[in-house]
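A.B. asks: next one to model:
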Amino acid sequence: MTGAVRVDHAISSGTFSLDGETFDVDNNIWVVGDDTQCVVIDAPHSVDDVLAVVGERTVTAIVCTHAHDDHVRVAPALRERTGAPILLHPEDRPLWELTHAEARWDRDLADGQTIEVAGTTLRVLHTPGHAPGAVCLYAPDLGCVFTGDTLFDGGPGATGRSFSDLPTLEASIKSQLFALPAETVVHTGHGDDTTIGIERARDWGPTD
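C.D. replies: Take a look at the predicted model:
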């Protein structure tokens, strides 16, 4: 028996660096799968932290929500340990190259693409703004969406640094994420969960 598909979670601590500044951050690690196979969403600070969540399962993909260093820092090392391909939206190439000038990712992500794992489907939603190639991963069977740094408990992600733009981010959230069912649980890149309904009702969101 492979068991039911599930979402496993842990937190990994490290740093985020961009535009000449470095900050301490805690990143969520999300793993979707059953007892035998799984997909890892983002590869932040420690391969061992990720593998502690994976356990003995086969990793079929390392899916990067975007290429800020606190989300992809150990992606190549995790690929070496697991043999799993790295998936990234190609518009995040400039950010990826800030961290990994030599290593490349393996497969491009595209809006509307589906990723199958353990009998369930993750649908890729391209949500630029926090980063040009930022994506969210919607799992309708599980009633959740993995938003990386696009949407948090409290509103949109940060846009004060290079390669980011607030109007673009807000447009992405309103068109891609707020179209999801209100009860959809939002699993974020940092911090606590929220729901689409809660965030849609905040003052910054649409009024219709």
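A.B. asks: could you use CA atoms for every contact and neighbour count after this?
C.D. replies: Will do.
A.B. asks: how about the helices in this structure?
C.D. replies: Assigned by DSSP state H, the chain shows helices spanning 47-54, 69-72, 75-82, 93-99, 166-172, 196-200.
A.B. asks: packing partners for the last one?
C.D. replies: What that stands for is helix 196-200. For helix 196-200, there is no helix or strand it packs on, judged by 3 or more C-alpha pairs under 8 Å, 6 or more residues apart in numbering; DSSP states H and E.
A.B. asks: what residues does it touch?
C.D. replies: 153-155, 177-178, 180-186, 205-206 (C-alpha atoms under 8 Å, 6 or more residues apart in numbering).
A.B. asks: between the helices of the chain, which one is closest to I62.
C.D. replies: Comparison of those against I62 by C-alpha to C-alpha identifies helix 75-82 as nearest, at 7.3 Å.
A.B. asks: list the buried residues in the closest one.
C.D. replies: A75, P76, L78, R79, T82 (16 or more other C-alpha atoms under 10 Å).
A.B. asks: before we move on, what about stretch 104-113?
C.D. replies: Neighbour-count burial for stretch 104-113, counted by 16+ other C-alpha under 10 Å, picks out W105, L109, A110.
A.B. asks: repeat that for stretch 144-164.
C.D. replies: 144-153, 155-159, 164.
A.B. asks: please apply the same query to stretch 119-127.
C.D. replies: So stretch 119-127, judged by 16+ other C-alpha under 10 Å, has buried residues T120, T121, L122, R123, V124, L125, H126, T127.
A.B. asks: and if you look at stretch 81-101?
C.D. replies: 82, 84-96, 99-100.
A.B. asks: rewinding a little: can you put the buried residues of stretch 104-113 in a markdown table and add pLDDT and distance to L137?
C.D. replies: What follows is these, written out as a markdown table (pLDDT from 0 to 100; distance: C-alpha to C-alpha, whole Å):
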| residue | pLDDT | distance to L137 |
| --- | --- | --- |
| W105 | 98 | 18 |
| L109 | 98 | 11 |
| A110 | 98 | 11 |
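A.B. asks: for these, give me CSV that also has distance to S13.
C.D. replies: As requested, the buried residues of stretch 104-113 are exported to CSV (distance: C-alpha to C-alpha, whole Å):
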residue, distance to S13
W105, 23
L109, 26
A110, 29
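A.B. asks: ok, these vs V7, which is closest?
C.D. replies: L109 (21.1 Å).
A.B. asks: with adjacent residues omitted, what lies nearest to that closest one?
C.D. replies: The shortest distance from L109 to any non-neighbouring residue, by C-alpha to C-alpha, 6 or more residues apart in numbering, is to H89 (4.4 Å).
A.B. asks: which residues of the chain score low on pLDDT?
C.D. replies: 1-2, 203-208 (pLDDT under 70).
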